[in-house]
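J.: Pasted the sequence and its predicted model underneath.
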Amino acid sequence: MSNAVFIKQHFGHAEKNNYLNVSKGWKSWAFTLDHKRIGVMYLIGITTALLLAGVFALVLRSELFIPGKMFLTEAQYNRMFTLHGAIMVFSFIIPSIPAALGNFVLPMMLGAKDVAFPRMNLMSFYLWVIGTFFLVVAMLTNSLDTGWTFYTPYSIRTSTGVVAATFGTFVLGFSSIFTGLNFLVTVNTMRAPGMTWFKMPLFVWGIYATAIIQVLATPILGITLLLLIAERVLQIGIFDPKYGGDPVLFQHFFWFYSHPAVYIMILPGMGIISDLMAVYCRKKIFGYSFIAFSSVAIAILGFLVWGHHMFTSGQSEVVTLIFSAITFSVAIPSAVKVFNWLATMYKGCISLVTPMLYAMSFIFLFGIGGLTGLFLGALRTDIHLHDTYFVVAHFHYVMVGGTLTALFGGLYHWWPKMFGRMYNELWGRIGCLLVFIGFNLTFFPQFVMGSRGMARRYARYDPEFQIFHQWSTVGALILGAGIVIAIATLVHAVFRGKLCGGNPFGAASLEWQSSSPPSFHNFDHKIVLNDPYDFDSQIYDPDLDSYVQRSFTVPGQEPVPGKPQTV
Amino acid sequence: MTSEHGDHHDDHEHGEFIAHHFESAEQQFDAGKLGIWAFLVTEVLFFTGLFCAYVLYRFHHPEIFVQAHHFLDKILGGGNTIVLLFSSLTMALAVRASQLGQNRTVATMVLVTMVCASIFLGVKAVEYSHKWDIGIFVRAHFSLDESHHPKGISPYLTMISIIPLILLFVFGAMALLYRFTNSLFRAAFWGGMTLMVAGYFIGAIGGYFYMKVGGGDAHSTAGKVIEHHDDHADGHDPGDDHAQESASESQPAGGAHDHETRDLHHDIGIFFSIYYCMTGLHAIHVVGGIVALAWIFYRSLLGHWRSDYFGPVDYVGLYWHLVDLIWIFLFPLLYLIN
Amino acid sequence: MLKIPVSLLAQAEDLPIPEYQWGDYFFPVQAAEGAAENDFLFWAILWISTLFFVLIVVLMLYFAWKYRRRPGHEKALPSSSHNTSLEIIWSVIPSIILVWIFYAGANGYFQSRVAPESAEDIWVTAQQFSWTFTYADGDSTPSELHLVVNRPVKFTMESRDVLHSFFIPAFRQKQDIVPGRYTYTWVKPTKIGTFRLYCAEYCGDNHSLMIANVTVHATEEDRKAATKWDWDLYAQTDPVKNGQRLFQLNCAGCHKIDGQRSTGPPLNGIWGKQEPVLSGTRLVDEEYIRESILNPNAEIVSGYTTPSQMQSFDGKLNDDQIMWLIFYIKSLADK
Amino acid sequence: MTAPHDAHDHHGFAHPVSKSLLYVVFIVLVGLTVLTVVANDWPLGSLDIWVAMAIATTKAFFVMAFFMHMWWEKGLNVAVFLSSLLFVMLFIGLTLLDTESYREDVERFPIFDRPDSSSVGPPIAPQK
Ligand code: HEA
Ligand code: HEA
Ligand code: CUA
Ligand SMILES: [Cu+2]
């Protein structure tokens, strides 16, 4: 086989015989063990969850347009933000990047054929479906109005469907554990020969650090929710003050999981940004090992700060002090990452395509979100800011501005790999811009009204806050439109996009050494290990309109571990 | 428990059980091994919540724990500990045999392990039902009244035993059925299952007679501790909150002493809340373990294990030892308090 | 500007919305000791953050423009990909700043937690969805907290049902109230005026209506005049007023009087009607109301849970008081 | 410990443990169980919980080291498992520290020390 044919077959667009069409029928999807298909199913799932919870957000934002009642009663409003928060957190953002994108690209990045436990992977997806189903059932039957935090004793007293929702969340927890455990083992044992720890792309490090948290923290959520169910059904009296239990103890239980969980949300996002920065600056990532270790540092330190959500809850002074001190230590590894990304841009060759725009808007938005975390970590100011819109703005800046933005950046980056088709660049940029503008318009005013005293979870409010709420509501509509456009552009690309080759962006990590979309076995040829950030290793091939690993193209220069050959 | 079977592929019935995405049997084994250890980590943390609740309440109310442990029988608990330890031994032997490819030994040893697990559950059923008889429930429903002790077999025990009884008959029938249709392999499997369920009755009957004969003193001492304060036990809704308590306190009878004793009485319920959560969750794990063991038993009868493929036995073994480990801590924490 | 319809307020029907008093851009007016410290720290962190943030964003945009991919610039320029001393510098400098922020925060925190010896005591009872304040001389006020300027106050707080949180933005003070235990906080108001008190911990349907007004008076006498209630006088002249006051203190958390269902059924317009209860219907008369107050479990209104969430007021309200309540409910007969 | 492996098995990744070792471990475990039950009746005062825990930990060590083959296990797996204990301690330690420090406010709770506001007034008339 001539080299050109070989390249076309393995690095070009794969119309036939890719993972999407290797087998047909719904069963071939429902029972698939292929990490790529599971990733795609997850992607569809979490997008649905995002849109559903996003609609709740729009509804509650509309209600807040005027101080008094518009169209929701107080009780209905409470259900709105509870379901918005719970679905966003448990069904959308926690599985989002690892389970959808991670599933798709992580094994390929390692040069593996699949994750370590494909059945468990599928199981994780179905647990996600079941868990989300229970949340939705709770929503449709009795609804839920506890806030996503399920604080006792209200969650024991309320007549809404706490048991169904809690059970759903419990199941979602197991789904998350399974994903994490799977990736943990995959990264440890499934790396291709020669793929050492420090040759892994930083996205893998991000997912790996996330997996550690998922495995260590999520079981505590499980037991917390079980105890909550037991408390409601049997009145065991551990969290219920009526029977001598302690509500503050519940908060300890809850945040021991949920604080580390916020790093479950952000670390994969940071991983994506690290990779995007390098690819679109066409430059070796600055400070690889610092970025890699800062992920692990965040994962570990993240376990030591849960009490910063409880500064005013009646937690004792000693513990409060400890938690505040450690909270600040988490900021340092995050700062290290931000500075390293900047240094990567320095003297780079920067293409401002959609993924890069998302990456830059990530730095902007996560910067604000993270820095406002410092106001909350400082004890004196948190006394004032706790449970106000300042906190709401903070966490949307990190979760939406951070994770959701990174997710979009990653999707745009890997979309050609996943579906073999290019998105429309113009619409991609428009979407990105709208999201950026809408987002800031929605959430920046919330900082101001929060520190002025606007408490959160308020269906009605005093008139002086109205102007901020109005800006915020308008912003939410723009943000919503932006998200819809961003998603529509991607969906459009799947069906109508321009066909593209295996590596249109010239990225150097292993997943790009396959055809687009990849074949069922990921690689049908022997892969060539190279530095994932050495972009000189990629050579543009005008025939394919795509890049190809140098060793495959230059006759005479043999690929490192052996001549490329079909298996 | 998916981690145990996430890594083999049934398609290769004869060949090596290596899934397509692994390079070698060793890689597969290593992955499985790390997977199961990580899984055990999640299990440990899962129980941590309960241990945490235990430690806090014991720290804050040591007196409750001293009171409460009188209701737990050291001999039954200790006996159960030894049963579990023995099952761990046989499990370890099963793993060893599987590494040597001795499938018959694996089958026997796993069977013994399962029977022990069932015995454990049987004894536990006796303990639980005895407590329920005299009104020892979780905090809110705690209504101790030892005079309620029934004469014959506790109705609760009968109720719990219905499921094992049904299983006993179903499994037994299956075994016989296959025995007579000459599917010896299946007969052996279902026979094993029957034996396994029989273990429950060994435990339950043993425990029952023990309670009849010697177990009487276990709670009689305890009875004295609280006997005079039982006037609140019935009719009084335990679900009052402090506001109401203060209300009733204002009634003439109210005195600091009465308040304290009654609180103690109710708070013992907290101990039992924790007790039921811990042992209940542990029991669920035992049941889960039995299911996993049954699967190992089945595959041993098929003769699947060889020195380069014994991962599942090893993984299930580790899981089983962890269940044992947890009990090793639960036993002194719950039964041995002074 | 829209006003909250009065009927939406859980408590005192005519709780006025105090005029909002501006402070610095991010804050309401500084009306208590500690507010200035809080704001100073906030601004300090804000400026530090802004410094870093602007630095980062400006550099990012500058690089994005300067090194944008264009004909003639198709390749990254040679530059090193790590620099340990740089890494150390940008880890250590933020660390030092963070240590300071922590220290300043902790300092202010202790000031906001430890009440001076001289503080007077006020007891706060929070319940879904109303506040009651009890003063050292035995007076109580519903939904209105009255303080004296420059006089430190220590609050001892308890909740009758779920978590609540005592939050006065103008005082920069917040503390959750946890059922089953006491929590404390203190303030020293430094400005005369009326401010909002919010419940900042989610507590159920009407969480957002669980607000109160804090009035800071110039003198103790002014305060006394505002908190005092002359029961005996009204008993003679207008017992309905007494009933209303008692209702606000004890019942308004659960019973609205605008026809809306809350924790309990609305109590307007029930007098003299047939009320559906679990055992059929009951005529709402004196006897029924007295029974509802003293023994709520005797009859449960249809649509509510058994046992009644309402606690017995037996021993807490005397006959006179129950009578006043009855007068009051009667006065709501056709509202 | 002596003779961890049967002599014939030095290839592959299967490392069968010798039977006699397993038996010995079992006997030790039973012995420790009996010991802990007996020790429960000794007059150890507040030490007894620590004695019981020490014995339980010893037992756990034997189970983990020999039944669970940790003695011969890869360093990574051992580290993974043992690291979980760190997080257990962290969780229990900090929570205990906290609940212990606010204990007083809980214990004081139902005892009212508010002023007696005559017969009218606050929702719950204070009781002395
Ligand atoms: C993706 C999720 C995510 C992330 C990454 C973070 C990151 C951080 N969060 Fe946030 N947080 C949430 C999600 C998240 N948070 C949520 C959901 C809540 C509310 C939950 C609820 O109550 O419902 C919350 C609430 C919350 C609180 C409790 C507030 C309250 O209720 O009173 C606190 C308090 O300390 C806090 C602090 C921090 C800190 C210090 C970081 C740090 O990790 C941030 C580190 C990042 C930076 C510091 C910025 C980058 C660095 C630079 C730009 C360089 C310059 C840096 C320096 C000079 C230091 N967060
Ligand atoms: C990943 C997590 C996540 C995400 C993505 C979001 C996204 C959004 N969130 Fe929220 N939010 C939370 C997690 C998240 N949130 C949590 C945890 C809480 C706390 C809950 C609690 O207190 O218990 C919260 C609370 C919360 C509040 C506070 C409620 C209160 O305290 O009273 C508000 C108010 O503005 C809000 C708004 C929004 C908005 C406008 C968006 C937007 O970004 C949403 C944008 C998405 C869409 C709009 C969907 C796409 C559009 C369509 C399907 C259709 C059509 C629309 C148009 C064409 C305009 N969220
Ligand atoms: Cu009370 Cu919110
Ligand atoms: Cu946090």
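T.: Here it is on my side, so go on. Ligands and ions are numbered 1, 2, ... in the order given.

J.: Can you mark which positions in stretch C:298-315 are buried?
T.: C:299-301, C:304, C:308, C:310-313 (16 or more other CB atoms under 10 Å in any protein chain shown). C-beta here means a position set from N, CA and C on the backbone, and glycine is covered the same way.

J.: so what's C:I289 up against?
T.: C:322, C:325-326, C:329 (CB atoms under 8 Å, 6 or more residues apart in numbering or on different chains).

J.: again with C:A218
T.: C:148-149, C:192.

J.: For those, give me JSON lines that also has pLDDT and distance to A:I273.
T.: Putting these into JSON lines (pLDDT from 0 to 100; distance: CB to CB, whole Å) gives the following:
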{"residue": "C:V148", "pLDDT": "94", "distance to A:I273": "55"}
{"residue": "C:V149", "pLDDT": "93", "distance to A:I273": "52"}
{"residue": "C:I192", "pLDDT": "92", "distance to A:I273": "52"}
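
J.: What is the nearest of the residues you listed to C:L233?
T.: C:V148 (24.5 Å; CB to CB).

J.: for D:A60, helix, strand, or coil?
T.: State at D:A60, reduced to three classes by DSSP: H, G, I helix; E, B strand; the rest coil: helix.

J.: Any part of the helix or strand encompassing A:A486 near chain C?
T.: Per DSSP states H and E: A:A486 is located in helix A:466-496. Yes - judged by CB under 8 Å from any CB of the partner chain, helix A:466-496 and chain C are in contact via A:Q466.

J.: where are the low-confidence patches of the chain?
T.: Just so you know, I chose chain A. Scanning chain A for pLDDT under 70 picks out A:1-2, A:553-567.

J.: You answered for a different chain; I wanted chain C.
T.: If you take pLDDT under 70 as the line, chain C has these spans: C:1-14, C:335.

J.: Which positions in it make contact with ligand 3?
T.: Counting by CB under 6 Å from any ligand atom, the residues of chain C lying close to ligand 3 are C:126, C:129, C:164, C:199, C:201-203, C:207, C:210.

J.: Top of those by number of neighbours, please.
T.: Among the residues of chain C next to ligand 3, C:H164 has the most neighbours (other CB atoms under 10 Å in any protein chain shown), with 33 neighbours.

J.: which strand residues sit across from that one in the sheet?
T.: When assigned by DSSP bridges, C:H164 has beta-bridge partners C:I177.

J.: Isn't it up against C:K174?
T.: No - judged on CB atoms under 8 Å, C:H164 makes no contact with C:K174 at a distance of 11.1 Å.

J.: For residue 277, give me its contacts.
T.: All of this is about chain A. By CB under 8 Å, 6+ apart, the neighbours of A:M277 are A:285, A:341, A:344-345, A:359.

J.: think we crossed wires, I meant chain C
T.: By CB under 8 Å, 6+ apart, the neighbours of C:V277 are C:299-302.

J.: what about 6 Å?
T.: C:299, C:301 (CB atoms under 6 Å, 6 or more residues apart in numbering or on different chains).

J.: Report the beta-bridge partner residues of it.
T.: Applying DSSP bridges, one finds that C:V277 bridges with C:G280, C:V301.

J.: do you know how far it is from C:T263?
T.: 17 Å (CB to CB, to the nearest Å).

J.: what about chain D, any weak spots by pLDDT?
T.: Using pLDDT under 70, the flagged stretches of chain D are D:1-12, D:110-128.

J.: from it, which residue is nearest to ligand 1?
T.: Nearest to ligand 1 in chain D, going by CB to the nearest ligand atom, is D:L94, at a distance of 15.5 Å.

J.: List phi and psi for the residue nearest the centre of chain D.
T.: The residue lying closest to the centre of chain D (CA atoms, centre = their mean) is D:M53, at 6.6 Å. Note on D:M53: its backbone torsions stand at phi -70, psi -40 [degrees, to the nearest 10].

J.: Not counting sequence-adjacent ones, nearest residue to the residue positioned nearest the centre of chain B?
T.: The centroid of chain B falls nearest to B:A283 when counting by CA atoms, centre = their mean (2.5 Å). Excluding the flanking residues, the one nearest B:A283 by CB to CB, 6 or more residues apart in numbering or on different chains is B:K124, at 5.9 Å.

J.: downstream neighbour of the helix or strand harbouring A:V171 in the secondary structure list?
T.: A:V171 is part of helix A:162-189 when elements are defined by DSSP H and E. Downstream of helix A:162-189, the first helix or strand assigned by DSSP H and E is helix A:202-234.

J.: Report the inter-axis angle for that next one versus helix A:162-189.
T.: 150 degrees (axes from the mean of the first three to the mean of the last three CA atoms, to 10 degrees).

J.: Give the other helices and strands that helix A:202-234 contacts.
T.: helix A:162-189, helix A:247-281, helix A:288-301, helix B:25-60 (3 or more CB pairs under 6 Å, 6 or more residues apart in numbering or on different chains; DSSP states H and E).

J.: Quick check: buried residues in it?
T.: For helix A:202-234, burial by neighbour count (16+ other CB under 10 Å) applies to A:202-232, A:234.

J.: quick one: it to helix A:288-301, angle?
T.: 10 degrees.

J.: Next, see if helix A:202-234 gets close to ligand 1.
T.: No - contact between helix A:202-234 and ligand 1 is absent, the nearest approach being 11.4 Å (criterion: CB under 6 Å from any ligand atom).
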